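> This is a predicted model, with the sequence first.
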Amino acid sequence: MSSVSLVASAQLPTPWGVFTMTGFKEEATGKDHVALSMGDLTTDAPVLARIHSECLTGDALFSLRCDCGFQLQAALQRIAKEERGVLLYVRQEGRGIGLLNKIHAYHLQDQGADTVEANEALGFAPDLRDYTICADMLKALGVKSLRLMTNNPRKIKAMEQFGVHVAERIPLEEGRNAYNEFYLATKAGKLGHMLHD
Ligand SMILES: Nc1nc2c(ncn2[C@@H]2O[C@H](COP(=O)(O)OP(=O)(O)OP(=O)(O)O)[C@@H](O)[C@H]2O)c(=O)[nH]1
Ligand SMILES: [Zn+2]
């Protein structure tokens, strides 16, 4: 059984092109998730894809603490340029701990903790995300294999584990700045992200 149900689709015009927006409901939690897609995803050619975890601060509020907003925009631009691909916008704010806990974590980081230490001080694992829903959203859209835009090896492993083949990884390094330098270094050093520098 699928962990999500496909609810509705509609057009979503953006500065880079017109996407199809498909809304999903997660059965276990009632949470809503969104896919933005372009072109025919059901053919055999691997689909350019991004699995984007919600980051209200970076995606909508222009935060420079992380790289999320920059990655979101770059991924949509790349998909639009190819006129084929899919971005999953998954409501796993703060790597699954939620917005308010992320603000608690940021407070600890303001006092010197890194992102992993802050999560642990709050009693959470460094990364609580479960990618089952992502694989099920892709399957519901008819996607069989991916060219996945990510620096996170756990996303690749999870897709393969849940039956979606990753034919290629495409690095997505965007928006490095003075405020997120330490955050990116911690991702590379403690979370295994494949980042240069
Ligand atoms: N708990 C916590 N979550 C954060 C923090 N900074 C960003 N996030 C969340 O991290 C998620 C994005 O994860 P990242 O580790 O930046 O990147 P990724 O998705 O694992 O990997 P990429 O595919 O390479 O982008 C979003 O849900 C953000 O809200 C933080 O300091 N603490
Ligand atoms: Zn972010």
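Thanks, I have it. Ligands and ions are numbered 1, 2, ... in the order given.

> Tell me where this protein has strands.
4-14, 17-26, 32-38, 47-53, 85-90, 145-149, 165-170 (DSSP state E).

> Pick the most deeply packed of those.
strand 47-53 (a mean of 25; mean count of other Cβ atoms under 10 Å). Placement of C-beta: from N, CA and C, glycine included.

> touching ligand 1 at all, the longest helix anywhere in the chain?
Using DSSP state H, we find that the single longest helix of the chain is helix 68-82. Yes - applying Cβ under 6 Å from any ligand atom, one finds helix 68-82 in contact with ligand 1 at 68, 71.

> what angle sits between that helix and strand 85-90?
Per axes from the mean of the first three to the mean of the last three Cα atoms, to 10 degrees, the angle that helix 68-82 makes with strand 85-90 is 150 degrees.

> Buried by neighbour count: which residues of the lowest-mean-pLDDT helix or strand in the chain qualify?
Lowest by mean pLDDT, DSSP states H and E among the helices and strands of the chain is helix 181-190, with a mean of 90. By neighbour count with 16 or more other Cβ atoms under 10 Å, helix 181-190 contains the buried residues 183-184, 186-187.

> quick one, phi/psi of the residue of the chain most remote from its centre?
Within the chain, Gln111 marks the point farthest from the mean C-alpha position, 27.2 Å out by Cα atoms, centre = their mean. For Gln111, the backbone dihedrals are phi -100, psi 10 (criterion: degrees, to the nearest 10).

> can you list contacts of stretch 5-23?
With contact meaning Cβ atoms under 8 Å, 6 or more residues apart in numbering, stretch 5-23 is reached by 24-25, 27, 32-38, 76-77, 79-81, 83, 87, 140-141.

> For it, what is the distance to the chain centroid?
Remark: stretch 5-23 is offset 17 Å from the chain centroid, using Cα atoms, centre = their mean, to the nearest Å.

> End to end on that stretch, go ahead and measure it.
9 Å (Cα to Cα, to the nearest Å).

> pLDDT averaged over it - what is it?
Mean per-residue pLDDT for stretch 5-23: 98.

> Tell me the spatial nearest neighbour of Arg95, not counting adjacent residues.
Asp127 (4.7 Å; Cβ to Cβ, 6 or more residues apart in numbering).

> Can you give me the separation between the spatially most central residue of the chain and ligand 2?
When Cα atoms, centre = their mean is applied to the chain, the residue found nearest the centroid is His52 (1.6 Å). Noted for His52: a distance of 10 Å to ligand 2, by Cβ to the ion, to the nearest Å.

> check contacts around that residue.
59, 68, 71-72, 75, 87-90.

> Please identify the residues of this structure in proximity to ligand 1?
Residues of the chain lying near ligand 1 (Cβ under 6 Å from any ligand atom): 53-55, 66, 68, 71, 92-95, 97, 102, 105, 115, 119, 150-152, 155, 172, 187, 193.

> And the residues you listed, which of them are buried?
53-55, 66, 68, 71, 92-95, 97, 102, 105, 115, 119, 150-152, 155, 172, 187, 193.
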